[in-house]
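> Predicted model and sequence below, questions to follow.
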Amino acid sequence: MKITSTQREPEDATLSLRRRTLFAAAPLWAAGVTAAVPLAACAATSPAGTARQTHNRAPQARVTTVANFPPRYFLESMVVRSDESFLITVLNTRELWYVPPPAAGATVEPVRLHTLGQPLLGIEEVERDVFCVISANAYSSQSEAKLHRLDLRGWQPGSPVQPTLAFGFPPATRAPNGMCLLAPGVLLVADSFAGLIWRLDLQGRSPAATVWLEHGSMKHFPGKMKPEQPGVNGVRYAARSHHVYYTATAKKLLMRVPVDPATLRPAGEPEVVVAGRMGDDFILDEDANAIYLTTHRQNTIDLVSMDPGDNSGFTQIVAGDPFDLNVVGPSSGAWSRVQGAAGRVAYFITDGGTASPLPSGFEPAKLLRVELTPWSGPFPGMGS
């Protein structure tokens, strides 16, 4: 189903944000489409120790903790380096952290690398051991956003780091968030409150920002959700199929748009991949035609087909069903860099309930290792 840029949004587009509650069926209200579609299974996420949801056919992942952070640390974004160490941004403490490579059967200690003057959001490796990091006052009336460059070539753990300013976002920027590499020297950045995706061209002496795509599916609902929920949030490029995928958290949408590989411009209208989940960030497995989606406030990692036609409408969950205290507030993920591990081993970060606390309070934020189980036959959930 496609959503055109000209369709209007309904006046009353909000739904109750009960924690971990899924809906059996609902219209694509978020995008202004009136036709009803089946969404996730109709039970709230199971309490610890209870059975999985009936329609969840996804093979279950093995989840183990790599590193613990203090409670109320909003782990926002992450990358896995070529040596299997990690860089993690923390939104609310404005910090960049380093986590050494995992140790078999034991957790490792994270190390604070640097503190910047603004909340930290997306991080992306733009060339080997060179990273871009976004900082922004997204919730301030005086929004200001910056892109920092962090060069770790030759860096040794224990040494200080000094990010440099690479680019100041235009004044129209509201909340730059997730980002991905579209081509060498070209980044896409989701602007969660402006409701658009920026294109950043970093090559040459003067980096430039232009609007890559603005669309109704990317908008949020100002003043209707507390705290304000992002519009467009995570963004990833599927290089083989030439599609950009993005989440729209407030509207509970996962979308995709075709890309012209010659010009790198959008080559058509965005279409719905799946609806009904408050997706944050995600990772792509083009070999399996699969997306692993963090739902953040719904405390799960979902399995979604990259092909909209393969998604049954019943939520498929690889971690967090039954409810798992290790998977509270998952926000972002990345594939292992070990040879042969892609598609089997990924890492995800959580905020421990910082954005949406459990009734029992806050859990430690975590870096998780998630070992995924392959499936055979049709995509899980098809025909449910």
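Alright, I've got the coordinates. Numbering: from 1, shown residues only.
> And the pLDDT for the most centrally placed residue in the chain?
Geometric centre of the chain, nearest residue: residue 281, 0.8 Å, by C-alpha atoms, centre = their mean. Model confidence at residue 281, expressed as pLDDT, equals 98.
> So it versus residue 360, what's the distance?
Residue 281 sits at a distance of 25 Å from residue 360 (criterion: C-beta to C-beta, to the nearest Å). Just so you know, the C-beta spots here come from the backbone N, C-alpha and C atoms, and that holds for glycine as well.
> Mind telling me what element residue 125 is part of?
Following DSSP states H and E, the helix or strand that holds residue 125 is strand 120-127.
> So for that strand, what gets flagged as buried?
By neighbour count with 16 or more other C-beta atoms under 10 Å, strand 120-127 contains the buried residues 120, 121, 122, 123, 124, 125, 126.
> Closest one of those residues to residue 287?
Checking these against residue 287 by C-beta to C-beta gives residue 125 as the nearest, at 20.6 Å.
> what's across from the closest one in the sheet?
Applying DSSP bridges to residue 125 gives these bridge partners: residue 131.
> can you tell me which residues contact it?
Going by C-beta atoms under 8 Å, 6 or more residues apart in numbering, residue 125 touches 79, 81, 131, 181.
> filter those to the buried ones?
With neighbours counted by 16+ other C-beta under 10 Å, those contain buried members at 79, 81, 131, 181.
> quick one: contacts for the second one?
Contacts here follow C-beta under 8 Å, 6+ apart; on that basis residue 81 touches 87, 125, 129, 152, 337.
> I'd like the buried ones among the contacts of residue 125 written out as TSV, with pLDDT and distance to residue 195 added.
Compiled in TSV, the buried ones among the contacts of residue 125 are given as follows (pLDDT from 0 to 100; distance: C-beta to C-beta, whole Å):
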residue	pLDDT	distance to residue 195
79	98	26
81	98	32
131	98	26
181	98	22
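> Pull the helix or strand hosting residue 112 out as PDB, backbone CA atoms only.
Counting by DSSP H and E, the element that carries residue 112 is strand 111-115. Backbone C-alpha positions of strand 111-115 (Å, rounded to 0.1, in the frame of the first residue of the first chain) are rendered in PDB as follows:
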ATOM      1  CA  VAL A 111      34.600   3.300  29.100                       C
ATOM      2  CA  ARG A 112      33.500   6.900  28.700                       C
ATOM      3  CA  LEU A 113      35.400   8.400  25.800                       C
ATOM      4  CA  HIS A 114      34.100  12.000  25.600                       C
ATOM      5  CA  THR A 115      31.400  14.400  26.600                       C
END
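> Distance from that strand to the middle of the chain?
The gap between where strand 111-115 is centred and where its chain is centred comes out at 22 Å by C-alpha atoms, centre = their mean, to the nearest Å.
> cool, stretch 303-314 as well?
17 Å.
> now it: mean pLDDT?
Along stretch 303-314, the predicted confidence averages to a pLDDT of 93.
> Start and end of it, how far apart?
End-to-end span of stretch 303-314 (C-alpha to C-alpha, to the nearest Å): 11 Å.
> again with stretch 203-216
By C-alpha to C-alpha, the extent of stretch 203-216 from end to end equals 30 Å.
> in that stretch, what counts as buried?
In stretch 203-216, residues buried by neighbour count (16+ other C-beta under 10 Å) are 209, 212, 213, 215, 216.
> Also stretch 248-258?
With burial defined by 16+ other C-beta under 10 Å, the residues of stretch 248-258 counted as buried are 248, 249, 250, 251, 252, 253, 254, 255, 256, 257.
> what's the distance between the second one and residue 194?
In this case it means residue 249. Separation of residue 249 from residue 194 (C-beta to C-beta) stands at 14 Å.
> quick one: residue 345 and residue 370 touch, right?
Yes: contact between residue 345 and residue 370 holds when scored by C-beta atoms under 8 Å: they sit 7.3 Å apart.
> between the two, which one's more packed in?
residue 370 (23 against 20; other C-beta atoms under 10 Å).
> Mind listing what's buried along whichever strand or helix holds that one?
Taking DSSP H and E as the definition, residue 370 sits inside strand 364-371. Of the residues in strand 364-371, those scored as buried under the neighbour-count criterion (16+ other C-beta under 10 Å) are 364, 365, 366, 367, 368, 369, 370.
> same deal with stretch 224-234?
228, 229, 230, 231, 232, 233, 234.
> Return the per-residue confidence for the fifth one.
pLDDT, the model's per-residue confidence, is 98 for residue 232.
> Please report the distance of the residue nearest to it when sequence neighbours are not counted from residue 295.
Residue nearest to residue 232 in three dimensions, not counting chain neighbours: residue 218, with 3.8 Å by C-beta to C-beta, 6 or more residues apart in numbering. Using C-beta to C-beta, one obtains 18 Å as the distance from residue 218 to residue 295.
> Repeat that for residue 304.
Using C-beta to C-beta, one obtains 11 Å as the distance from residue 304 to residue 295.
> which of the two has more neighbours?
Set residue 304 next to residue 295 and count neighbours by other C-beta under 10 Å: residue 295 wins out with 28 against 24.
> pLDDT wise, what is the more buried one at?
97.
> does it really touch residue 277, like I thought?
Yes: Residue 295 is in contact with residue 277 according to C-beta under 8 Å; the separation is 5.2 Å.
> what do the two both touch?
Here residue 295 and residue 277 share the contacting residues residue 302, scored by C-beta under 8 Å, 6+ apart.
> need the contact list for the residue lying closest to residue 330 once chain neighbours are set aside.
The shortest distance from residue 330 to any residue that is not its chain neighbour, by C-beta to C-beta, 6+ apart, is 4.0 Å, and that residue is residue 294. Residues touching residue 294, when contacts are defined by C-beta under 8 Å, 6+ apart, comprise 279, 280, 281, 282, 300, 301, 302, 330, 331, 332, 333, 348.
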